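> Pasting a predicted model and its sequence here:
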Amino acid sequence: MKRFLIVLATGAALAAANLPMAGAAQGGAPESTTFSCAPVSVRAPAGTRVESVTALRQEGGTINGTGVVGGTVTGVPAYCEVTVTITHPGDDDHAKVRTWLPLTGWNGRFQALGGSAYAAGDNGVGLGTAVRNGYAATTTDAGLGDAIDVSWALNAEGKVDTALLENLASRSQHEAALVGKQVVAAAYGRRAAYSYFNGCSTGGRQGYMEAQRYPDDFDGILADAPAVNWDEFEVATLWPQVVMNNEKTYPSACEFKAFTDAAVKACDPLDGARDGLVNDAARCDFDPRRLIGTTVVCDGRELTITAADAAVVRKIWDGPRTASGRKLWAGVPVGADLSALAGVAPAGNGTVKGAPFPVPQYWVASWLKKQPSFDVSTITYDQFSRLFDQSRAEYDRIIGTDDPDLSAFRDSGGKLLTWHGQADQYIPTQGTVDYRKQVERTMGGSKRVDDFYRLFLVPGAGHCGLNKGIGTIDDLAALTAWVEQGKAPKSLPATLVDASGRNVSREVCAYPAVSRYSGHGDPATAAGFRCVLPSRH
């Protein structure tokens, strides 16, 4: 659990709080208009009823994020917080839509913020960052709880609460966009010139959902490390635990790191520079069996890597398969922290047991088994395959978010920008790549899709945060320039951290291109690299 909280705090919150900073400089000058912070009239979206509208002036300053995600943003100017509570009659839900309006300096833009894990919306850090950058910002809790609160999953009869699941899946985010835009227009006396969505992980999935189901909601969608194919990948990310439990082998985090370090060392030179950054993780074919018999020092003890350890790592990297060998989903990317999904905990008498990541654990226990206390450590390989098929059959329609036909979004003039870390330890990068390929097959090829949808794979980056949160990337700036000035991004300028711990600049290439060192110039600077197609090296 500790590891989960740390990652959320440095991932989802960081993505909302730090990465969009560069976007503030784009676009027109801030508005000088001021307004009175008071409740406004809101028309209820179809199928809902407005229960209340409140307005409260906030002085800004330092905003501390709520819940397990946490995080902090400083220097937030005074703003008006308008909260609209809506319900779907008959569903007994109460979704709060919060809109933060800068009292001065509004840049004329609207930004909606997504959530993380099982939280549908932002915890305050992203809202504060948006306001600091001049945006009017909106988010919704969808009538749910915090990031790892799934107490709402089942109703009193022990059945899935389909209304609240639909809130998380799609309808509350769309309704928040409609409500937030109304609040902005009523407060400032005019509509926002441009509307954006900004989210990572669950927020990334929400962004793709908007493009698929509500193509007119936003001019630009920034949807990073997206949890698309939720019904499949949530089960798939329990696979490392299933492997360890069935093989009865539980490598420590230290031993897992030895495999990861060896793979990175072997595949690092593929881009022409030895910097600890694997620029094309999909091409890394390091065989973990190469470490069998080698020793590693963990907590002062010298351990020998066994064939059983290597077999576990090989299965986790390969990803879930059926008993007959049919591939179900992508595995953990080579270079990612294996212990994130393959965590272990003391079991007494010097032994250990699996410590599953809560998000897939809760999905399987509550939504598939309908038993919140279900012990996922009992799942066999055959049962895993059946659970995977069950999840897809029961939930793809409601939360799959995998429709490759984005023609309506394209025709609306919308732009979709995504970056995904090549070392994402929670959402396999290949899932996003596979979705992009499906869109290309559906919509006429890569060049046509690039007109409105671009994907960037970031070397060495983990889930929703570059190099453990140290790096930065100009994603929101690139999106606003694309939407407002027609400048489609061929690459994203980023600051990464190499193997020695120093900052290095890179231009992250638009998929399918990858970055390769030219052999000339300082490898710590972007000037020494160029974007090439994988087939060229």
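The structure has been received and is ready for your questions.
> Helix or strand for residue 131, just tell me which one.
helix 125-132 (DSSP states H and E).
> Distance from whatever helix or strand comes next after that helix to the middle of the chain?
Counting by DSSP H and E, the next helix or strand C-terminal to helix 125-132 is strand 136-140. Centre-to-centre, strand 136-140 and its host chain are 18 Å apart (Cα atoms, centre = their mean, to the nearest Å).
> repeat for stretch 292-304
34 Å.
> related to what we said a few turns ago, export the helix holding residue 131 as PDB, just CAs?
Taking Å, rounded to 0.1, in the frame of the first residue of the first chain, the C-alpha atoms of helix 125-132 are listed here in PDB:
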ATOM      1  CA  VAL A 125      -3.700  20.100  -7.000                       C
ATOM      2  CA  GLY A 126      -4.600  20.100 -10.700                       C
ATOM      3  CA  LEU A 127      -7.300  22.600 -10.200                       C
ATOM      4  CA  GLY A 128      -4.900  24.900  -8.400                       C
ATOM      5  CA  THR A 129      -2.300  24.500 -11.100                       C
ATOM      6  CA  ALA A 130      -4.800  25.300 -13.800                       C
ATOM      7  CA  VAL A 131      -5.900  28.500 -12.000                       C
ATOM      8  CA  ARG A 132      -2.300  29.500 -11.400                       C
END
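> what is the rounded mean pLDDT of that helix?
The average pLDDT for helix 125-132 rounds to 96.
> what helices or strands is it leaning on?
Here helix 125-132 touches helix 12-17, strand 61-64, strand 72-76, strand 95-102, strand 109-113, strand 136-140, going by 3 or more Cβ pairs under 8 Å, 6 or more residues apart in numbering; DSSP states H and E. Every C-beta, even on glycine, is put in place using the N, C-alpha and C of the backbone.
> now with 10 Å?
helix 12-17, strand 61-64, strand 72-76, strand 79-87, strand 95-102, strand 109-113, strand 136-140, strand 194-200 (3 or more Cβ pairs under 10 Å, 6 or more residues apart in numbering; DSSP states H and E).
> mind checking how far it is from the chain centre?
Mean C-alpha position of helix 125-132 versus that of the full chain (Cα atoms, centre = their mean) differs by 18 Å.
> Where does pLDDT dip in the stretch 401-537 of the chain?
Where the stretch 401-537 of the chain drops to pLDDT under 70, the residues are 466-471, 535-537.
> quick one, helices of it?
For the stretch 401-537 of the chain, the helices defined by DSSP state H, counting those that start in this stretch cover 407-411, 429-443, 446-450, 475-485.
> Would you mark the buried spots in the second one?
With burial defined by 16 or more other Cβ atoms under 10 Å, the residues of helix 429-443 counted as buried are 429-437, 439-440, 443.
> For residue 495, which of the helices and strands packed on helix 125-132 is the nearest?
Closest to residue 495 of the helices and strands packed on helix 125-132, according to Cβ to Cβ: helix 12-17, at 13.6 Å.
> just to revisit the earlier point, out of the helices and strands packed on helix 125-132, which is closest to residue 246?
When those are compared by Cβ to Cβ, helix 12-17 sits nearest residue 246, at 31.1 Å.
> after the closest one, next one along is what?
Next along from helix 12-17, by DSSP H and E: strand 49-58.
> now that following strand, how far from the centre of its chain.
Per Cα atoms, centre = their mean, the displacement of strand 49-58 from the mean C-alpha position of its chain is 29 Å.
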